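Colleague: No letters, just coordinates:
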């Protein structure tokens, strides 16, 4: 018994590594609490998750079903099925008019797997990488876990909350950067860079020798003009994308990278050891998803209606100060007139109004206490019900 107690004490004494001590992803914490309340029978309107409410398109589901019925699902090549890589390359020609060799494409386990692979391939421990604030919190967490220094660029209203080439050049002049990571349309803001601004950033990074990673996961989900890829302006940019958002395939965990030729073999070797390959069933479904564009455009149209509803209703209930909603499916609202603690505000909103939203602290450590992100990726009736509950809760 004494030996067992000593062994138990030793197990309890094990502490996590310093590199693993990343900040919690508050959107997922809110997601978990909202689900817990719903499981108790509470009626909760889910406006917190960056996740489409619609299923994967029918061709994707049918392709997955056929593969299951075939009986065997095995590994694929580490960089993905050649047919899927070719189909993604064709997508760049169709959507952007950009010719990309399929050999430059690596299929990944969602964009998250793509970030890990690209950061490892690009940066040494101690490198300096700039990201936008507000911005996607997993960027910082992954970079810091890999021993990379994160430098934030605070976006400003006068630039429509988008990072500019001038911002990067100023920061680089102070202390040189090794990389820049930007997303357009953005999470949490939904704001897009102009084509000119994207071109200026890509070309500046090339000139300075700074690695530019362009997160294009919300491409396809724009409302007034299409988004352009960074690949239109630089052959050195690394593009991260995924089937999660436009293609409604979050749980399938399938994404891709477009790499400069010099990084392909590096990412292939990393992929072989990290995951062997992305899930074969998800790859087959992803290739077929390109045949479901009509369904996907109908889903996007529902987002557009939700966007229009919120643009009309939020100002009427005192939540009209938000970033331009150019794309994605988010509204990032300044709530400083109502609170200086967005975390507590969201907790109260969840428990008192039955509306789940994400506190801005997830996206901006300095200014996020004054902001809240609402997702409008769900059903139109749910978004309308959320507005109704917020109106009553805020007494408007």
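Modeller: Nice, I can see it. What you see is a predicted model, and the numbers here were worked out from it, not measured in a lab. Numbering: from 1, shown residues only.
Colleague: pLDDT below threshold where in the stretch 151-300 of the chain?
Modeller: For the stretch 151-300 of the chain, no stretch has pLDDT under 70.
Colleague: residue boundaries of the helices in it?
Modeller: 165-174, 195-208, 261-274, 280-289, 293-313 (DSSP state H, counting those that start in this stretch).
Colleague: Indicate which one of those is closest to residue 243.
Modeller: Distance to residue 243, taken as CB to CB, is lowest for helix 280-289 among the helices of the stretch 151-300 of the chain, at 4.8 Å. C-beta coordinates here come from the backbone N, C-alpha and C atoms, glycine included.
Colleague: That closest one packs against which elements?
Modeller: Judged by 3 or more CB pairs under 8 Å, 6 or more residues apart in numbering; DSSP states H and E, the packing partners of helix 280-289 are helix 58-70, helix 82-96.
Colleague: returning to what we had before: could you say which of the helices of the stretch 151-300 of the chain is packed most deeply?
Modeller: When you average the neighbours per residue for each of the helices of the stretch 151-300 of the chain (mean count of other CB atoms under 10 Å), helix 280-289 leads with a mean of 24.
Colleague: next one: that one to chain centre, how far?
Modeller: Its chain's C-alpha centre and that of helix 280-289 lie 20 Å apart, by CA atoms, centre = their mean, to the nearest Å.
Colleague: which residues sit against that helix?
Modeller: With contacts defined as CB atoms under 8 Å, 6 or more residues apart in numbering, helix 280-289 is touched by 56-57, 59-64, 67-68, 73-76, 80-81, 83-84, 87, 107, 243, 247, 249, 252-254, 296.
Colleague: Can you say which of the residues you listed are buried?
Modeller: 56-57, 59-61, 63-64, 67, 76, 80-81, 84, 87, 107, 243, 247, 249, 252-254, 296 (16 or more other CB atoms under 10 Å).
Colleague: Buried residues in stretch 119-126, which are they?
Modeller: Going by 16+ other CB under 10 Å, stretch 119-126 has these buried residues: 119, 120, 121, 122, 123.
Colleague: do the same with stretch 370-390
Modeller: Buried, per 16+ other CB under 10 Å, within stretch 370-390: 370-378, 382-387, 389-390.
Colleague: Return the subset of the residues you listed lying in strands.
Modeller: Among the buried residues of stretch 370-390, the members falling in strands (DSSP state E) are 371, 372, 373, 374, 375.
Colleague: any chance of these in a markdown table, plus pLDDT?
Modeller: A markdown table is the format used below for these (pLDDT from 0 to 100):
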| residue | pLDDT |
| --- | --- |
| 371 | 97 |
| 372 | 97 |
| 373 | 96 |
| 374 | 97 |
| 375 | 96 |
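Colleague: Which two of those residues have the greatest separation?
Modeller: 371 and 375 (13.9 Å).
Colleague: related to what we said a few turns ago, take the buried residues of stretch 119-126 and keep only those in helices.
Modeller: 119, 120, 121, 122 (DSSP state H).
Colleague: for these, which one is nearest residue 311?
Modeller: Distances from residue 311 to those, taken by CB to CB, are shortest for residue 119, at 36.0 Å.
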